[in-house]
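> sharing a model prediction with you, sequence too.
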Amino acid sequence: MSAGRSGRRQVPPQDVARFWQARASGMSIKDAAKIAGVHYNTAQKWDAKKKQAKAELEIGKLEEGKTRSKVGGVQADAWAKVMDVSDLPPVIPYDRLSDEAKRGLEDFDYFRRRYLGRIPSPWQVDAAYKIEDYLLSDDKQFVVLNCPPGAGKSTLFHDIAVWQIVKNRKIRVMIGSVSQSLAKMYSRRIRETLERQFPLDPDPVLIDKGLAIKAEACLAIDYGRFKPSTSGSLWRAEEFIVEQEDMGGLDNKEPTVSAYGIESEFIGHRADLCLFDDVASPENAKESAARDKLIERWDSMAEARVDPGGLLAVVGQRLGPLDLYAHCLAKVTYEDFEDDYDGSDTTDISQNVEPLKKQKYHHLIYKAYYEELDTGLASKRNSSPAWPNGPLLDPHRLSWKDLSYIKHSNPSKFAVVYQQEDQAEGNYLIERVWATGGIGPDGVLYPGCVDNDRRPGHVPHNLQPPLISIASVDPSPTMFWAIQWWIYQPETNLRFLIDVERVKLTAEQLLGFDTTTRDYSGIMEDWQNRAMDMGYPISHWVVEVNAAQRFLLAHDFVRKWQSRHNVNVIAHTTSRNKIDENLGVEALLPQLFRSGAIRTPSMRENWKTLAFIEEHSSWTRDKKNGTDLVMACWMAMLHLPNLSPISRPQKKWRPSWLV
């Protein structure tokens, strides 16, 4: 206790803080004064001034009807009075904190209820502790957090950011979003939470719905002020610096919180905790220029902003197999050597040993509905326990009534957006297990399509006629071409994939003709001769026709090549027949893979079969790139029923003794 220049007693800031902490917890003025060690009359004056200032603030709201931040407005003046009469203390050291404040630093659920008025949400608490564990690591950490819309993901990131700032005022937090204005809004919300001087009083409607509760205290009183008292300190909506316990060097400190849109220039700023929300959207979650731009910005800018020992986390609901989250989850990093590695156990690099790899991003998944925890209708009521003690992630925000409607009316959307699946089951062209064989998710044992005893370019042994041998070509003016050789056995309905090529070609490299030597060249010539030598001459070439491939129908040398090999060229045009209900890609191919009617060479050390199966198991109707092998396969299967079996050339008789 000390005396000021006027001779009046100066109350220490810590005692002022104790008084307001006690009042915020519901104590009377008299009891709060005793705890703070101040005279009752002094305490009454403080309380009366604050009540008067809050009343003026409410009047200002009614009169002005605008935000309190308006310069010179009625609300701004009234708010300033509230700030002044509270006489906020500076940063309160840990050993001077109240028991409630200390508990808030350790207990995230308690912290949210006491200071933010949050209803307990088990999944958010679980996510907050996991993110904090990653943040405490010595290495850079990357996290993808997928959760359904409406579960409170933006609120979670706000609360985590506020909690970490209260725990460590020296932390640097970057808030990222799809646009600068949205990121700025999130940052402003954090700033308002930190500078609030009286407990949050939420909307009564939210309280009635069970979505909020009245907060018990405010951070600026329990932990000391966050808005610096120094005039001219950085305190803007898009970036601000909180007051430090050690005020030295505050002017040189990087922003505690900064906000950036993903398209903003934030090359020079780095942070300990980077939180990105609402970055992925339906527009940039599919093959498009918007997606390419997002991925480029994410790889070159966003990931580079996190400092060593820091954490980058991106949150949102899944939107499809090409969204930002899938891009992040596909990344791998290489394990470092153990700390005690002395170099004695060396590895011969000639062995070409694959280095140890791990996923770069940790994946936190929270589904809207957990079927394995469903015990009946009673477990899905709004009053039922939330996950992990019940099947619903949040019975209040994501009720079973709403979820069940989406689940049955739009299963694909429910599986991807609400259940965080990479793609809804059945939306891919085939399930991988149909091709590889084994028990599928539906419990069915599938025979598979792989002949493990056959390499590419080899025809199965003892293949009995009648047979149809054809090749299909899916060309591209600028990208990869897909070329496949098939042999079809009508009696068994088996379709044998003999060989595959996926390369960039020109039209002449497909089939060329040297006018000087009168020789043919190219893949069509090579494959035709190989098939003839093996006894299974290709009778038809099915080629998709576009501007770059019309030469097959226009040039005289092509017709002569056909006559020379007794082969027909079928000009295929892809249009709406691609999605035809009876003859389209999705109508023809899945049933053939499911039944094992398509037979491929072995997958062992064979990129051709691996690529063939991978492309079919990742194909979707709206996919644009990486569909060449699927289209070549479909073209062959589409035309096979219309073709006649080939007849092998009769072997000339010769004596058995003649070699």
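Arrived safely.

> could you use CA atoms for every contact and neighbour count after this?
Fine.

> residue 502 bridge partners, please.
Beta bridges link residue 502 to residue 482, judged by DSSP bridges.

> quick one, what contacts residue 315?
By CA atoms under 8 Å, 6 or more residues apart in numbering, the contact set of residue 315 is 144, 145, 146, 147, 153, 275, 276, 277, 278.

> okay but the second one is in contact with residue 329, surely?
No. The pair residue 145 and residue 329 does not pass the contact test of CA atoms under 8 Å, sitting 10.6 Å apart.

> so what sits against both of the two?
Taking CA under 8 Å, 6+ apart as the criterion, residue 145 and residue 329 both touch residue 363.

> where do the strands sit along the stretch 201-350 of the chain?
Assigned strands in the stretch 201-350 of the chain, in chain order: 239-240, 257-261, 271-277, 306-316, 332-334 (criterion: DSSP state E, counting those that start in this stretch).

> using PDB, write out every CA atom in the third one.
Extracted in PDB, the C-alpha atoms of strand 271-277 (Å, rounded to 0.1, in the frame of the first residue of the first chain):
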ATOM      1  CA  ALA A 271       4.400 -17.800 -36.500                       C
ATOM      2  CA  ASP A 272       4.500 -20.400 -33.800                       C
ATOM      3  CA  LEU A 273       0.800 -21.400 -34.300                       C
ATOM      4  CA  CYS A 274      -0.800 -21.200 -37.700                       C
ATOM      5  CA  LEU A 275      -4.500 -21.800 -37.800                       C
ATOM      6  CA  PHE A 276      -6.200 -22.000 -41.200                       C
ATOM      7  CA  ASP A 277     -10.000 -22.200 -41.400                       C
END
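
> which residue comes closest to residue 626 once chain neighbours are left out?
In space, and not counting its chain neighbours, residue 626 is closest to residue 615: 6.8 Å by CA to CA, 6 or more residues apart in numbering.

> top of the contacts of residue 315 by neighbour count?
Within these, residue 276 tops the neighbour count with 26 neighbours, counted by other CA atoms under 10 Å.

> pairing partners for that one in the sheet, please.
Under the criterion DSSP bridges, residue 276 forms beta bridges with residue 176, residue 314.

> show me what contacts it?
Contacts of residue 276 by CA under 8 Å, 6+ apart are 175, 176, 177, 312, 313, 314, 315.

> now the two most distant members of those.
Between all members of the contacts of residue 276, the longest pairwise span (CA to CA) is found for 177 and 312 and amounts to 12.9 Å.

> more neighbours: these two, which one.
Counted by other CA under 10 Å, residue 177 and residue 312 do not tie: residue 312 has more neighbours, with 27 against 24.

> which residues touch that one?
141, 142, 143, 273, 274, 275, 276, 303, 306.

> circling back: on the three-state scheme, the residue nearest to residue 626 is what?
Following DSSP: H, G, I helix; E, B strand; the rest coil, residue 615 is assigned to helix.

> what separates it from residue 623, distance-wise?
Look at residue 615 and residue 623: by CA to CA, to the nearest Å, they are 11 Å apart.

> which one of the two has more residues nearby?
The residue with more neighbours, out of residue 615 and residue 623, is residue 615; 19 against 13, by other CA under 10 Å.

> quick check, the more buried one in contact with residue 632.
No. Using CA under 8 Å, residue 615 is not in contact with residue 632; the gap is 11.5 Å.

> tell me the spatial nearest neighbour of residue 291, not counting adjacent residues.
residue 284 (4.1 Å).

> which ones are touching residue 365?
So residue 365 contacts 145, 146, 147, 420 (CA under 8 Å, 6+ apart).

> what pLDDT does it get?
Per-residue confidence (pLDDT) for residue 365: 95.

> just for the stretch 201-350 of the chain, where's the confidence low?
The model of the stretch 201-350 of the chain has pLDDT under 70 over residues 247-253, 266-268, 287, 334-350.

> ranges for the helices of it?
204-208, 219-222, 289-297, 324-329 (DSSP state H, counting those that start in this stretch).

> what kind of secondary structure is residue 190 in?
Per three-state DSSP, the secondary structure class of residue 190 is helix.

> any low-confidence regions in the stretch 351-500 of the chain?
Low-confidence segments of the stretch 351-500 of the chain (pLDDT under 70): 351-357, 423-427.

> excluding its backbone neighbours, what's nearest residue 292?
With sequence-adjacent residues excluded and distances taken as CA to CA, 6+ apart, residue 292 is closest to residue 284, at 7.9 Å.

> OK, contacts around that neighbour?
Contacts of residue 284 were listed using CA under 8 Å, 6+ apart, and they are 290, 291, 292, 294, 323.

> list just the nearest of those residues to residue 515.
Looking across those and measuring by CA to CA, the closest to residue 515 is residue 292, at 44.6 Å.

> ok, that closest one to residue 460 distance?
As for residue 292, its distance to residue 460 is 43 Å (criterion: CA to CA).

> which SSE is residue 181 in?
Element membership for residue 181 (DSSP states H and E) is helix 180-195.

> which strand residues bridge residue 143?
Assigned bridge partners for residue 143, using DSSP bridges, are residue 313, residue 362.

> now residue 179. Nearest residue, chain neighbours left out?
In space, residue 179 is closest to residue 261, 4.1 Å off (CA to CA, 6+ apart).

> report how many residues lie close to residue 514.
Residues near residue 514, counting by other CA under 10 Å, number 10.

> ok, now which ones touch it?
520, 521.

> before we move on, what's the pLDDT of it?
90.

> equivalent analysis for residue 629, please.
93.

> which SSE is it in?
Applying DSSP H and E as the criterion places residue 629 in helix 628-639.

> tell me the buried residues in that helix?
Buried residues in helix 628-639, defined by neighbour count with 16 or more other CA atoms under 10 Å: 628, 629, 630, 631, 632, 633, 634, 635, 636, 637, 638.

> how about stretch 149-156?
Buried residues in stretch 149-156, counted by 16+ other CA under 10 Å: 149, 151, 153, 154, 156.

> which one of those residues sits closest to residue 382?
Residue 382 has its nearest neighbour among these in residue 151, at 14.2 Å by CA to CA.

> leaving out chain neighbours, which residue sits closest to that closest one?
Nearest non-adjacent residue to residue 151, counting by CA to CA, 6+ apart: residue 397, 6.2 Å away.

> contacting residues for that neighbour?
Per CA under 8 Å, 6+ apart, neighbours of residue 397: 150, 151, 211.

> show me what contacts the second one?
By that I understand residue 151. Shown in contact with residue 151 (CA under 8 Å, 6+ apart): 393, 394, 397, 398.
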